[in-house]
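Undergrad: What would the 3D arrangement of this be:
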Amino acid sequence: MKPPEWDKDRLWGRHQAKKLRPRPQRLMEELLPRVEVTPETVFERTQAHGGPVWLEVGFGGGEHLAWQATHNPDVLLIGAEPFMNGVAKLLTQIEDEGQENIAVRYGDVKPLMTALPDKSLERLFVLHPDPWPKKRHFKRRMISLPFLKEAARLLKPGCELRVASDIPDYVRWTLMHVQMHNRQSADFEWTAECRADWTDRPEDWPQTRYEAKARREGRPPAYLRFTRT
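TA: Numbering: from 1, shown residues only. Okay, here's the model as predicted:
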């Protein structure tokens, strides 16, 4: 069966929950244009940086992205998020911390990934993506054969794809799709050697609010790390 094509034109999910307060609204108007990156500008932005580039797909409230930016000042952190309220939360953290190594994609990540050159990323994060639990919505899941093909193109050899989920079915789905991808091209190696390697959160993997909520509700996450071969 031919795998589905990488859909650059369809974005699933909500875009805004509640009206922004004055400060977040100001940041969306004033700060976002200064830190925003688009498919048309991402190549120039990464070239101007000249150092390692990491991409987080769907950064939620931005806690993980902001933490990584603080602890890795030489890395350009690109975060993509279509949800306005999440973008506004990250902008608040950027202003509070004075972070200059974060670029924000407000919108769908797919066109941005397509615009990035081969082997341009050293780390790629997909943390607690929407599980789309109904079978008829499986096509909306971020982890897919087209996504993995793009991830393999973008990651440098020896670098990492990190995926986290508190939904057992999504964990199985991720492992299954990596295995399916590797049948065509052996691009990814799952690094886990024992159970603790995927049940214990690494020290350089800060907790997000989604993870905290999952733990409160009795759903321990899995932390999957795949090395680009």
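Undergrad: Kindly provide the distance from Gly107 to Ala66.
TA: Distance, Gly107 to Ala66, by C-beta to C-beta, to the nearest Å: 19 Å. Quick note: C-beta positions are derived from backbone N, CA and C, even for glycine.
Undergrad: what about these two, which has more around it?
TA: The neighbour comparison of Gly107 against Ala66 (other C-beta atoms under 10 Å) goes to Ala66, with 23 against 17.
Undergrad: wait, doesn't the more buried one sit right on Glu95?
TA: No: counting by C-beta atoms under 8 Å, Glu95 is not a contact partner of Ala66; they are 10.9 Å apart.
Undergrad: for Val104, phi and psi?
TA: Backbone torsions of Val104, given as degrees, to the nearest 10, read phi -120, psi 130.
Undergrad: For it, which residues are in contact?
TA: Counting by C-beta atoms under 8 Å, 6 or more residues apart in numbering, Val104 touches 32, 35-37, 78-81, 87, 90-91.
Undergrad: For the protein, just list every one of the strands.
TA: Assigned by DSSP state E, the strands in the chain fall at 53-57, 76-81, 102-106, 121-127, 155-165, 188-190, 222-228.
Undergrad: Buried ones in the shortest one, by neighbour count?
TA: Across strand 188-190, burial judged by 16 or more other C-beta atoms under 10 Å covers 188, 190.
Undergrad: List the strands paired with it, with their directions.
TA: Partners of strand 188-190 in the sheet, by DSSP bridges, are strand 222-228 (antiparallel).
Undergrad: before we move on, back to that, same list, the strands of the chain, but as CSV with distance to Pro146 and mean pLDDT please.
TA: Shown next, in CSV, are the strands of the chain (distance: least, C-beta to C-beta, whole Å; pLDDT from 0 to 100):
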stretch, distance to Pro146, mean pLDDT
strand 53-57, 13, 98
strand 76-81, 16, 98
strand 102-106, 18, 98
strand 121-127, 14, 98
strand 155-165, 14, 98
strand 188-190, 15, 98
strand 222-228, 16, 98
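Undergrad: And those: which comes nearest Pro202?
TA: Of all the strands of the chain, strand 222-228 sits nearest to Pro202, with 6.7 Å by C-beta to C-beta.
Undergrad: buried set for that closest one?
TA: For strand 222-228, using 16+ other C-beta under 10 Å, the buried residues are 222-226, 228.
Undergrad: Over to stretch 188-207?
TA: 188, 190, 192, 198, 205-206.
Undergrad: Check stretch 136-156 too.
TA: Buried residues in stretch 136-156 (16+ other C-beta under 10 Å): 140-145, 147-155.
Undergrad: ends of it, how far apart?
TA: One end of stretch 136-156 sits 34 Å from the other (C-alpha to C-alpha, to the nearest Å).
Undergrad: what's the offset of it from the middle of its chain?
TA: 11 Å (C-alpha atoms, centre = their mean, to the nearest Å).
Undergrad: okay, the angle between the helix or strand bottoming out on mean pLDDT in the chain and strand 155-165?
TA: Least confident helix or strand of the chain, by mean pLDDT, DSSP states H and E, is helix 209-216 with a mean of 91. Helix 209-216 and strand 155-165 are oriented at 40 degrees to each other (axes from the mean of the first three to the mean of the last three C-alpha atoms, to 10 degrees).
Undergrad: Quick one: distance of helix 209-216 to the chain centre.
TA: Distance, stretch centre to chain centre, for helix 209-216: 17 Å (C-alpha atoms, centre = their mean).
Undergrad: Give the buried residues for the longest helix along the chain.
TA: In the chain, with assignment by DSSP state H, the single longest helix is helix 168-184. If you call a residue buried by 16+ other C-beta under 10 Å, then helix 168-184 has these buried ones: 170-171, 173-175, 177-178, 181-182.
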